[in-house]
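[1] I'll drop the sequence and a predicted model, then ask my questions.
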Amino acid sequence: MVDLVIGVGNEIRGDDRAGLAVIDALAGKGSAALLMRSDGDPLEMIDAWQGLSSVILVDAVSSGSPVGTIHRIDVGDGPLPTMLASRSTHLFGIGEAVELARTLDRLPPSLIVFGIEGSRFAPGSDMSPSVAESVGTVVEELASLLESAHA
């Protein structure tokens, strides 16, 4: 069962809106899980998942993979890959938030990161068609997962 889905992003930075778009679409489907939009504040996220068993984090990433690639990483297996953990348009990236929580022993028992590979991060840019397609794919996967977990 997934307790919380956090979408991280910035509304005005094209592909960086991917995590927020996933949350908006899940909210439109009436998800039974808690849904949270975040600007990437690590303490906000750590506080939000405190005491929960299973959390999913969705954000745009820039690792050099083809635009639209969906990375699915189980944080319990170890640190986020450096190529996904260190680049962010937010003050802190998801990698910093995850590793801070790990250091403080405040990771939930299950934390899965969905990173959607982006390329357009400039202010005022539109979301890439490949990223928009991947947002839809992640939404369908999470909606199915949330539906089966709460059935």
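    Perfect, thanks for sending it.

[2] quick test: name the residue nearest the centre of this protein.
    residue 58 (1.2 Å; Cα atoms, centre = their mean).

[3] I'd like the next helix or strand past the helix or strand containing that one.
    Residue 58 belongs to strand 54-61 when assigned by DSSP states H and E. Going down the chain from strand 54-61, the next helix or strand is strand 70-74, by DSSP H and E.

[4] any idea of the mean pLDDT for that next one?
    The pLDDT scores in strand 70-74 average 95.

[5] name the residues that touch it?
    The contact list for strand 70-74 (Cβ atoms under 8 Å, 6 or more residues apart in numbering) reads 61, 63, 65, 80-81, 84, 110-117, 134, 137-138. Any C-beta I mention is one placed from the backbone N, CA and C, and that applies to glycine too.

[6] show the subsequent helix or strand relative to the helix or strand of the chain with the lowest mean pLDDT.
    Least confident helix or strand, the chain: helix 82-85 with a mean of 60, by mean pLDDT, DSSP states H and E. Remark: after helix 82-85, the chain's next helix or strand is helix 94-103, criterion DSSP H and E.

[7] helices or strands up against that next one?
    helix 42-49, strand 54-61, helix 82-85, strand 110-117 (3 or more Cβ pairs under 8 Å, 6 or more residues apart in numbering; DSSP states H and E).

[8] which parts of the first one are buried?
    Of the residues in helix 42-49, those with enough neighbours to count as buried (16 or more other Cβ atoms under 10 Å) are 42, 45-46, 48-49.

[9] which of these lies closest to residue 129?
    residue 45 (28.7 Å; Cβ to Cβ).

[10] so how far is residue 16 from that closest one?
    16 Å (Cβ to Cβ, to the nearest Å).

[11] doesn't residue 140 belong to a helix?
    Yes: applying DSSP: H, G, I helix; E, B strand; the rest coil, one finds residue 140 inside a helix.

[12] that one: neighbouring residues, count only.
    12 (other Cβ atoms under 10 Å).

[13] then the one 4 residues further on?
    By the measure other Cβ under 10 Å, the count of residues near residue 144 is 10.

[14] if anything else comes up later, I'll come back, but that's it for now.
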